[in-house]
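Enquirer: Generate a structure from the sequence data that follows.
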Amino acid sequence: MSTLDLGLIGNSRTSALIDRNAAIVWWCYPVFDSDPICCSLLKKDSEESPAGLIDIQFAGATLTEQRYERNSAILISRFADEIGNSIEVVDFAPRFRMHGRLFSPSMLVRIIRRLTGRPRISLRVRPMIEYGSTLAEVRGGTHHISYVGGSQSMRLTTDASIAAITDEQPFFLQDSITMLMGPDETVNGSPHEVGRSFYEQTQNYWHNWVRNLAVPFEWQEMVIRAAITLKLNAFDDTGAIIAAVTTSIPEAAHSGRNWDYRYCWLRDAYFVVNALNRLGATATMERYLEYILNIIADTRDTPMQPVYGIRREAALHERVAPALDGYRGMGPVRIGNLAYHQVQNDVFGAAVMASTHAFFDMRLERPADHHIFSDLERLGEQAVINYNVPDAGIWELRGSKRVHTFSSMMCWAACDRLSNIAAQLGRTDRAEVWGVHAKRIHTEICESAWNPELESFVSTFGGDQLDASLLLMGEFQFLAADDPRFVSTVHAIEKRLRRGDFLLRYDEEDDFGRPETAFLVCTLWWILALAQIGEKVRARDLFEKVLARRNPLGLLAEDVVPETGELWGNFPQTYSMVGLIQCAARLSISWDEAY
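Expert: Residues are numbered from 1 along each chain as shown. I've put the predicted structure just below:
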């Protein structure tokens with residue numbers, strides 16, 4: 001049975017998921033949103049002849065250790081049998097600086113080493129094409145194998161026996177073998193030397209990157225893993241940030257809540273940028289700012305969407321992949337996402353807030369300027385027009401439109417941040433204009449979204465339902481942490497949405513019934529809010545319980561079953577990893593207090 005006990009490797013261009021048997025079970029090639037040549041995570045094949053994977057057969061062996069190399073995106077898996085034979089599998093995607101620029105090809109490297117004894121292994125390389133419809137065509141060369149189909153072509157260059165791979169015959173592992181899997185091009189150098197060089201340089205890249213993170217004193221290892229995971233989900237080529245590397249892992253068993261998350265939601269990307277900025281990793285923000293500014297230019301005559309493709313594609317037409325059965329057979333598997341059609345009025349605030357830091361951080365090579373401010377003002381104008389217009393809201397309800405408090409608050413945030421930016425740029429006239437807009441929107445939200453009977457802000461203007469996004473009122477500085485309205489809202493949400501140690505995003509009927517699993521980032525927002533209102537001891541206790549739900553490699557999906565702790569939803573979820581960083585930063589003792 002499939003589980004989400006998976007490891008993520010990648011290089012901000014391509015990424016793959018590897019299971020506890022060191023099988024590559026998900027790999028969209030060549031980039032994040034491509035056809036997955038490894039798709040067995042979502043394919044229900046027979047145990048005797050699985051397809052859509054790249055794995056190792058080592059008879060009688062069991063996993064003895066699987067971990068990330070310290071401060072890196074390099075995954076190590078070790079296996080041993082009962083008679084003293086053991087091997088080590090090293091998996092990574094190359095990423096390092098070469099010839100004055102970043103080298104991050106659409107390539108995975110696998111190095112298999114003999115540790116002890118005389119292990120006998122076999123290799124299965126079974127990529128598929130057209131979303132699991134058929135096996136790729138195999139074309140053998142002297143030292144390589146090409147796997148071809150559709151618009152894709154992946155070459156495996158190796159120092160292992162080509163015949164042993166194509167025939168899947170066992171062989172003794174004498175020392176080590178290297179598998180370079182990527183573009184169908186000639187590799188310059190022996191696989192062993194290329195693999196060793198790529199490994200050492202990739203290791204150095206990640207060590208240097210981590211060394212420059214401003215981590216909190218407590219939970220450092222967790223924060224580093226979360227930061228690396230977020231970095232892997234940022235597409236270097238355009239600056240887009242994807243929500244997750246997978247599609248259609250259900251939010252709950254048999255729920256039908258199966259969505260494709262391999263795209264850039266402006267809201268999710270803001271949270272990622274904000275988390276990495278807190279750690280001092282501002283390069284992701286700089287690249288994302290280019291992405292946002294280009295989208296603003298693209299949409300000069302059209303509404304801004306909540307989600308775009310990694311190459312700024314506007315149309316993300318949704319269809320079903322019939323050849324893929326789904327995670328644990330729970331289809332459908334969707335390609336594309338109809339959310340691009342939706343009206344979600346929080347996008348204006350998300351885009352402005354993701355850009356704000358760039359106007360204030362003097363370390364940046366190219367701080368944001370008056371021209372960028374002018375571009376962002378266009379979004380502010382849309383926020384002023386749409387702050388009280390019905391939309392699908394943060395939870396992307398497909399069947400109804402209402403005036404959502406979160407969307408209105410994000411429109412307020414757009415105006416508030418624009419006022420701050422204008423003041424920073426010395427534009428006092430514009431600062432005053434945006435300040436007036438922000439004050440007016442703030443007043444209307446406080447009048448229309450406050451429910452005196454519940455003593456809480458509510459999800460929609462004039463409504464009586466609660467949702468977890470209201471917990472961000474303090475985080476976004478809409479209300480002061482000691483504002484009685486914020487404190488009572490936090491307590492009301494806890495009372496209504498808490499399930500065990502976790503929090504639902506909302507508890508009302510939607511297009512698929514009532515939510516069954518807890519949304520992990522909502523639980524982390526709750527923890528942040530508790531810390532803000534002075535309940536830090538409770539917050540720390542709840543945070544440790546969330547940390548206990550991470551998989552063995554420290555990663556989180558989107559959702560969790562409160563009763564069992566089982567992870568569900570697309571994986572690894574950037575929202576969830578962001579929440580870990582935010583909570584650690586908020587709850588950790590300071591370095592000055594540490595020793």
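Enquirer: now for the strand or helix carrying residue 37, which elements pack on it?
Expert: Assignment of secondary structure by DSSP states H and E places residue 37 within strand 36-38. Applying 3 or more Cβ pairs under 8 Å, 6 or more residues apart in numbering; DSSP states H and E, one finds that strand 36-38 contacts strand 24-28, strand 128-129. C-betas here are computed from N, CA, C, even on glycine.
Enquirer: unless I'm mixing things up, residue 476 is touching residue 408, no?
Expert: No: if you go by Cβ atoms under 8 Å, residue 476 and residue 408 don't touch, sitting 11.8 Å apart.
Enquirer: So for those two, which sits in the more crowded spot?
Expert: Neighbour totals were compared for residue 476 and residue 408, and residue 408 leads with 28 against 16 (other Cβ atoms under 10 Å).
Enquirer: Nearest residue to residue 51 in space, ignoring adjacent ones along the chain?
Expert: Among residues not flanking residue 51 along the chain, residue 126 sits closest, at 4.8 Å (Cβ to Cβ, 6 or more residues apart in numbering).
Enquirer: Help me confirm that the one you found comes into contact with residue 54.
Expert: Yes: between residue 126 and residue 54 there is a contact under Cβ under 8 Å: 7.2 Å.
Enquirer: These two - which one has more neighbours?
Expert: More crowded of residue 126 and residue 54, by other Cβ under 10 Å: residue 54, with 27 against 20.
Enquirer: Report pLDDT for that one.
Expert: pLDDT recorded at residue 54 is 97.
Enquirer: Any chance you could list what contacts the helix or strand it falls within?
Expert: Using DSSP H and E, residue 54 maps to strand 53-57. Outside strand 53-57, the residues that touch it by Cβ atoms under 8 Å, 6 or more residues apart in numbering are 21-25, 27, 38, 40, 79, 87, 89, 110, 112, 121-127, 168, 170, 181.
Enquirer: Quick one: buried ones out of those residues?
Expert: Among these, those scoring as buried are 21-25, 27, 38, 40, 79, 87, 89, 110, 112, 121-123, 125-127, 181 (criterion: 16 or more other Cβ atoms under 10 Å).
Enquirer: distance of the residue nearest to residue 51 from residue 331?
Expert: Separation of residue 126 from residue 331 (Cβ to Cβ, to the nearest Å): 21 Å.
Enquirer: before we move on, what about residue 400?
Expert: 25 Å.
Enquirer: Show me which of those two is the more surrounded one.
Expert: Remark: of residue 400 and residue 331, residue 331 carries more neighbours, 19 against 11, as counted by other Cβ under 10 Å.
Enquirer: Nearest residue to the more buried one in space, please, no chain neighbours.
Expert: Counting by Cβ to Cβ, 6+ apart, the residue nearest residue 331 is residue 325, at 5.8 Å.
Enquirer: can you pull the contacts of the one you found?
Expert: For residue 325, the contact set (Cβ under 8 Å, 6+ apart) comprises 42, 43, 44, 331, 333.
Enquirer: What sits closest to the most far-flung residue of the chain relative to its centre if chain neighbours are left out?
Expert: Ranked by distance from the centre of the chain (Cα atoms, centre = their mean), the top residue is residue 83, with 41.0 Å. Nearest residue to residue 83, sequence neighbours excluded (Cβ to Cβ, 6+ apart): residue 117, at 7.0 Å.
Enquirer: got it, and residue 404?
Expert: Nearest to residue 404 is residue 393, by Cβ to Cβ, 6+ apart, at 3.7 Å.
Enquirer: from memory the one you found sits against residue 347, does it?
Expert: No: Residue 393 is beyond contact range of residue 347, at 11.6 Å (criterion: Cβ under 8 Å).
Enquirer: out of these two, which sits in the more crowded spot?
Expert: residue 347 (29 against 25).
Enquirer: quick one: contacts for the more buried one?
Expert: 266, 267, 304, 305, 306, 410.
Enquirer: And it, its phi and psi?
Expert: Phi and psi for residue 347, reported as degrees, to the nearest 10, are phi -60, psi -30.
Enquirer: What distance do you get for the residue nearest to residue 51 to residue 166?
Expert: 11 Å.
Enquirer: contacting residues for residue 494?
Expert: Residue 494 touches 503, 526, counting by Cβ under 8 Å, 6+ apart.
Enquirer: switch the cut-off to 10 Å
Expert: Residue 494 makes contact with 466, 468, 471, 503, 526, 529, 530, 538, according to Cβ atoms under 10 Å, 6 or more residues apart in numbering.
Enquirer: So which of the residues you listed sit within helices?
Expert: 526, 529, 530, 538 (DSSP state H).
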